[in-house]
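**Student:** I would like the atomic coordinates for the input below:
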Amino acid sequence: MRSFMMKFLLGFLTILTASSLMAARPTIETATFAGGCFWCMTPPFEKLKGVLKVTAGYTDGTGADPTYDDYGDKGYTEGVQITYDASKITYAQLVDVFWKQINPTDPNGQFVDRGPHYRAAIFYHNEAQKKIAEKSRTALDKSGRYDKPIVVPIKKFVNFVAAEDYHQDFYKKNPMHYGLYHSNSGRDDYLDKIWGKDNH
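**Tutor:** Next up is the predicted model:
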């Protein structure tokens, strides 16, 4: 009887330990958004618990090897790619943060930055992300928060190329330049009006 109980307890502890290790293991996933200037889209996501990395770059283009000098000519738009632990933050939460950084009613750019290479978009990596993004967009469109329809496309992810090193964490590397640009871009004034100060 004692031998049976010992085997039972050892088996139970083995299962419990394995379950604990699986629960502790991070579930790494990727999200990609475009919201105008990638300098401004980096800080809101980097501060979130569960976000492991935010990379500024060029997305949804066709030309090879885009750079800051020619990405627009090659059909790319500025974007951010977010690596996150899905056991700590959900894709739906990331989408909610995304909406609070942009003007989703503007099809021609974002704030002071004009042109298709500054357009806002959500790029889904799988069908689950697509459904979450579409549901979120529909709910926001019906909320009455905006007096114009939401025009942000939800597109299948195609590609992403990291921008040059000096663009990564630009707000940390060049705080004065970033501060001047950000304060004059009109982004915060608009978001304060739509969401309330300190709510975006």
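**Student:** please pull out the lowest mean pLDDT helix or strand from this structure.
**Tutor:** When the helices and strands of the chain are compared on mean pLDDT, DSSP states H and E, helix 2-24 comes out lowest with a mean of 48.
**Student:** ranges for the helices of the protein?
**Tutor:** Remark: helices assigned in the chain by DSSP state H are 2-24, 38-46, 91-99, 127-142, 170-173, 175-184, 187-195.
**Student:** can you tell which of those helices is closest to residue 68?
**Tutor:** Checking the helices of the chain against residue 68 by CB to CB gives helix 38-46 as the closest, at 10.2 Å. C-beta here means a position set from N, CA and C on the backbone, and glycine is covered the same way.
**Student:** hmm, who's touching that closest one?
**Tutor:** Counting contacts by CB atoms under 8 Å, 6 or more residues apart in numbering, the residues outside helix 38-46 that touch it are 33-35, 51, 54, 56-57, 78-80, 82, 94, 97, 100-101, 163, 167-171, 178, 181-182, 185, 187, 200.
**Student:** where does pLDDT dip in the protein?
**Tutor:** Counting by pLDDT under 70, the ranges of the chain that qualify are 1-24.
**Student:** quick one on the thing from earlier: list buried residues within the contacts of helix 38-46.
**Tutor:** Applying 16 or more other CB atoms under 10 Å to the contacts of helix 38-46, the neighbour count classes 33-35, 51, 54, 56-57, 78-80, 82, 94, 97, 101, 163, 167-171, 178, 181-182, 185, 187, 200 as buried.
**Student:** now the helices of the chain as a markdown table including distance to residue 61?
**Tutor:** As requested, the helices of the chain are exported to a markdown table (distance: least, CB to CB, whole Å):
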| stretch | distance to residue 61 |
| --- | --- |
| helix 2-24 | 38 |
| helix 38-46 | 14 |
| helix 91-99 | 20 |
| helix 127-142 | 20 |
| helix 170-173 | 21 |
| helix 175-184 | 23 |
| helix 187-195 | 24 |
